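Novice: take this sequence and fold it.
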Amino acid sequence: MDSLRGKVAIVGAADTRVGIVPDATATELCVESILLALADAGLDKTQVDGLVTCNSMSQPMLYHAEAIAEYLQIFPRYCFAAGAGGGTTFSVLHHAASAIATGMADTIVIAMADSLRSGLTRDQAMLMQSATGHPQYEQPYGPTVPAYYALIAQAHMARYGTTAEHFAAVAVACRAHAARNPAAQMRDLISVDDVLASRMIADPLHLLDCSLVSDGGAAIVLTSAERARDLSPAPVYLLGIGEGHSHEHISQARSLTTSAAVESGQRAYAMAGLGPRDMDFAQLYDCFTPTVLVELEDLGFCAKGEGGDFITSAGIGPGGALPVNTHGGLLSHCHPGNPGSMFALTESVWQLRGTAAERQLANAAVGLLHAQGGIMSSHSTLILGREVG
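Specialist: Residues are numbered from 1 along each chain as shown. Next up is the predicted model:
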């Protein structure tokens, strides 16, 4: 198939409330996000002929997308639910863009929501955290998800001399962005010392090195570039997209310090005809602070092993050389599980539209988004721009 560059555009984007939302179920948050995104696009639900969702952990359904369509009383010709961990958001956008380009649907809504904070008991949450690993080679040793990411951190420290302070600087930068975002779950500024003084979770990761546990949902409306010009005064165009898949279980990873973000990034850059230096901002998956450091290197923003210095010298916070996670990211804005990267997507739409209020970047024209699922397993990179040319 020909390149997807410039063929589809986002014309609607919306978030629900995030953080602790006990008065709405995951299903209700998903539906709410869809209706808000359609209102943002100026469309009626009857004009939607494609729907993609991600199943909820707190309120799972056998046929999730079909159930949401039934709830909305829409009858799309393109409808499915996907599950690829945190990387799902951009993987399904790849599918949806391809569906529009090949005529399978004209207007597709992508929506995801969950209630990990209000919808799960503590025991259920711990079971979810401990059931991820390989049943024979990992689970018997009792690690939870933070422990797997701690392996990545330890490996990077041993190979490149990265420090706990470098990781902590990621959390500090994300919190500085969140302080400018009234919707963020955590907005109080923190320091490197605060991160290092917070409770140890899995050496070297402290509590503030770990993403939040949240409720929330978000949705976007995707259509052809031709139709987008009639629907939105400021469509946001897909310029590049790529995926990379390296392993399922961390014990089978080829490397703990280099990920398949290398491949997904190269494919996205090639489609867009752009490179790392062309990006005005980046939204990088920050389930734990080391992931941001590894992604910065693998996506070409700095050389391998130099992620820590890039974060502390060039800077990724407000006013830095590369603003990263301008909404606050999973570390400070919210993290409802699989839908987490949806909020990086909606934030990017607002940055490129120029409607991000206090946190708006000057002259934001092109941005890179990256998400990964599993334990640095499945990677998707997305490049968006406010113009195709």
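
Novice: show me where the stretch 51-200 of the chain has strands.
Specialist: Along the stretch 51-200 of the chain, the segments classed as strands by DSSP state E, counting those that start in this stretch run 78-82, 107-115, 200-202.

Novice: which one of the ones you listed lies closest to E248?
Specialist: strand 78-82 (16.0 Å; Cβ to Cβ). (Each C-beta comes from the backbone N, C-alpha and C, glycine too.)

Novice: now do the same contact list for the residue nearest to the spatial centre of the chain.
Specialist: Most central in the chain under Cα atoms, centre = their mean is S341, positioned 1.9 Å from the mean C-alpha point. If a contact means Cβ atoms under 8 Å, 6 or more residues apart in numbering, then S341 has 86-90, 283, 285, 369, 371 as its contacts.

Novice: and it, what's its pLDDT?
Specialist: Looking at S341, its pLDDT stands at 95.

Novice: quick one: residues contacting E297.
Specialist: For E297, the contacting residues are 258, 303-307, by Cβ under 8 Å, 6+ apart.

Novice: most surrounded residue in these?
Specialist: Neighbour tally across the contacts of E297 (other Cβ atoms under 10 Å): the maximum, 26 neighbours, falls on G307.

Novice: do you know how far that one is from G265?
Specialist: 14 Å (Cβ to Cβ, to the nearest Å).

Novice: likewise T223?
Specialist: Counting by Cβ to Cβ, the gap from T223 to G265 is 26 Å.

Novice: got it, and A81?
Specialist: Using Cβ to Cβ, A81 is found at 27 Å from G265.

Novice: A171 too?
Specialist: 23 Å.

Novice: same deal with V52?
Specialist: From V52 to G265 the distance is 23 Å (Cβ to Cβ).

Novice: still on that earlier bit, single out the most deeply packed of the strands of the stretch 51-200 of the chain.
Specialist: Burial of those is given as mean neighbour count (mean count of other Cβ atoms under 10 Å); strand 107-115 ranks first at a mean of 29.

Novice: what is the burial count for L29?
Specialist: L29 has 30 neighbouring residues, counting by other Cβ under 10 Å.

Novice: phi and psi next, for it.
Specialist: Dihedral pair for L29: phi -70, psi -40, per degrees, to the nearest 10.

Novice: let me know the pLDDT of it.
Specialist: L29 is assigned 97 on the pLDDT scale.

Novice: and for the one 5 residues further on?
Specialist: According to the prediction, I34 has pLDDT 98.

Novice: can you offset everything so residue one is 450?
Specialist: All set: I'll call the first residue 450, so the last point we hit is now I483.

Novice: that one sits in which helix or strand?
Specialist: Using DSSP states H and E, I483 maps to helix 475-490.

Novice: three-state assignment of G691?
Specialist: Here G691 is recorded as strand under DSSP: H, G, I helix; E, B strand; the rest coil.

Novice: thanks a lot, catch you later.
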